[in-house]
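Asker: take a look and give me a structure for this.
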Amino acid sequence: MTTALRRITSAVAILAALLAIGPRQLLAQDIVIGVVHWEKFAYAEMMQNSYTMALESINRAGGIKGRPLKLVYADDRGDRRGGETAVTELVKQQGAVMLIGGYASANTLYTARTANRLDRPFLVCTAADDRITQREQINVYRLNPPAGEYTKGLQAFLTERVSPRTMAIVYENSPYGTGGAMNMMWFCRENDIELMAIIPYFKERASSDYFERILAPLKYHSPDVIFMVSYLKDAVQLVAKIRGMKFHALLCGGAGGFTHYKFIEMAKTSGDRLVTAALWAPETGFRGAEAYYRTYMQKFGTTPDYHGAEAYTAVLVAAEALRNAEGLAPEQIRAALDRIDMETPFGPVRFTAYGNYQRQNQADTLVLQITGGHFATIWPESLSEQRFQPPLYWQGR
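Answerer: As a prediction, the model looks like this:
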């Protein structure tokens, strides 16, 4: 065999070996986490920025046992089929060893089921429907509180500082909105607060005229409190209409769109002195919370809210689990997630079973108030920046 022929034969053998290995093995030095993302979600940019910040920090510190961590994204489009497709792509094509993300509750219920069927640990960081961690799915973990617990801090604040006699509830007719509304209904029943109206709305119909029509029953007898569960665009329209109809009520948001910095910008004076449940604020004192907030502000020039903190923390928690796992098989990653006990920018993280929940992190909730064009923590008192300031027109007690 000539030298030239030997070289050709050797090259062919090497090429055949590389083809046998396949692209996923060639990139095996990267450990891949799949992000179930929704590009049109109001907080998508904030969350992607936060994922990237956490990823850069982890890789600067040496990655996962010396191997770089890599995030790959798939857009779930906020619907059931898109979520199922996104998970399948991340697992079967991108080689994700685990998943994070999950924004809208309506499709994350199905996204989580697909992840469980494909045997990939899935750390949900935003979707709040109670059922996500109530279905005995061994691969599904959740960082953020379920919807049923979003308003625990707000309820304590109402009980101890406001003592309302009457309330109306206005909510988006979705799993997220319905869960928040139902929880507040039970609170009213248990605390002898008269429910003057329970008003669901369809986000597809949201407009000034639509909101005026469904709010009309309250026009002649304003409740002490109007509690709302909405995402950003609807929250702005709803509050503007309520102010325009001159209801003398304390406006309370159930987190969601009411905590976005753009809400203040878009609602203008309509949002003044509104209070809202929130899952996080930089002044909580949680390890790394203020540093995350400052760094985000410096890099992107905007204020992150709890959605950003959830995304940032989800990457940190996933990385810690991968560091401590004995290998990258699903059962090994699950075992590491079960052992997680961390202090994070989002607060303490431990996945436990309680009530009807499994693999659910428990987190305290806060109350913020808009005053002077910014959010300030007013509850719990141990974390408060300022005292509650009742609206000037408020007729409640």
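Asker: what's the end-to-end length of stretch 379-391?
Answerer: With Cα to Cα, to the nearest Å as the measure, stretch 379-391 spans 17 Å from end to end.
Asker: which other residues reach it?
Answerer: Residues outside stretch 379-391 that contact it (Cβ atoms under 8 Å, 6 or more residues apart in numbering): 153-154, 156-157, 161-162, 250-251, 272-273, 275, 281, 283-285, 364, 366-367, 369, 371, 376-378, 396. Any C-beta I mention is one placed from the backbone N, CA and C, and that applies to glycine too.
Asker: which of those residues fall in helices?
Answerer: Those of the contacts of stretch 379-391 mapping onto helices are 153-154, 156-157, per DSSP state H.
Asker: any idea which of these has the most stuff around it?
Answerer: residue 154 (26 neighbours; other Cβ atoms under 10 Å).
Asker: tell me which residues touch that residue, please.
Answerer: Here residue 154 is in contact with 252, 254, 275-277, 365, 367, 379 (Cβ under 8 Å, 6+ apart).
Asker: take the ones in helices among the contacts of stretch 379-391 and lay them out in TSV including pLDDT and distance to residue 145.
Answerer: Shown next, in TSV, are these (pLDDT from 0 to 100; distance: Cβ to Cβ, whole Å):
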residue	pLDDT	distance to residue 145
153	93	10
154	95	12
156	95	14
157	96	16
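Asker: adding distance to residue 264, write those out as TSV.
Answerer: TSV is the format used below for those (distance: Cβ to Cβ, whole Å):
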residue	distance to residue 264
153	20
154	18
156	24
157	20
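Asker: now for the residues you listed: which two are most distant?
Answerer: 154 and 156 (7.4 Å; Cβ to Cβ).
Asker: what helix or strand is the most centrally placed residue in the chain on?
Answerer: The C-alpha lying nearest the average C-alpha coordinate of the chain belongs to residue 126 (Cα atoms, centre = their mean; 2.2 Å). Using DSSP states H and E, residue 126 sits in no helix or strand.
Asker: mind listing what's buried in stretch 160-168?
Answerer: 162, 164, 166-168 (16 or more other Cβ atoms under 10 Å).
Asker: again with stretch 107-125
Answerer: Buried-residue list, stretch 107-125, by 16+ other Cβ under 10 Å: 107-116, 118, 120-125.
Asker: same check on stretch 68-83?
Answerer: So stretch 68-83, judged by 16+ other Cβ under 10 Å, has buried residues 69-78, 80, 82-83.
Asker: C-terminal to the helix-or-strand element of the chain with minimal mean pLDDT, what's the next element?
Answerer: Using mean pLDDT, DSSP states H and E, the weakest-scoring helix or strand in the chain turns out to be helix 23-26, at a mean of 42. Downstream of helix 23-26, the next assigned helix or strand under DSSP H and E is strand 31-37.
Asker: what is that next one packed up against?
Answerer: helix 44-60, strand 69-75, helix 80-88, strand 98-101, helix 306-324 (3 or more Cβ pairs under 8 Å, 6 or more residues apart in numbering; DSSP states H and E).
Asker: average pLDDT for it?
Answerer: The predicted model gives strand 31-37 an average pLDDT of 98.
Asker: what's the angle between it and strand 69-75?
Answerer: In terms of direction (axes from the mean of the first three to the mean of the last three Cα atoms, to 10 degrees), strand 31-37 departs from strand 69-75 by 30 degrees.
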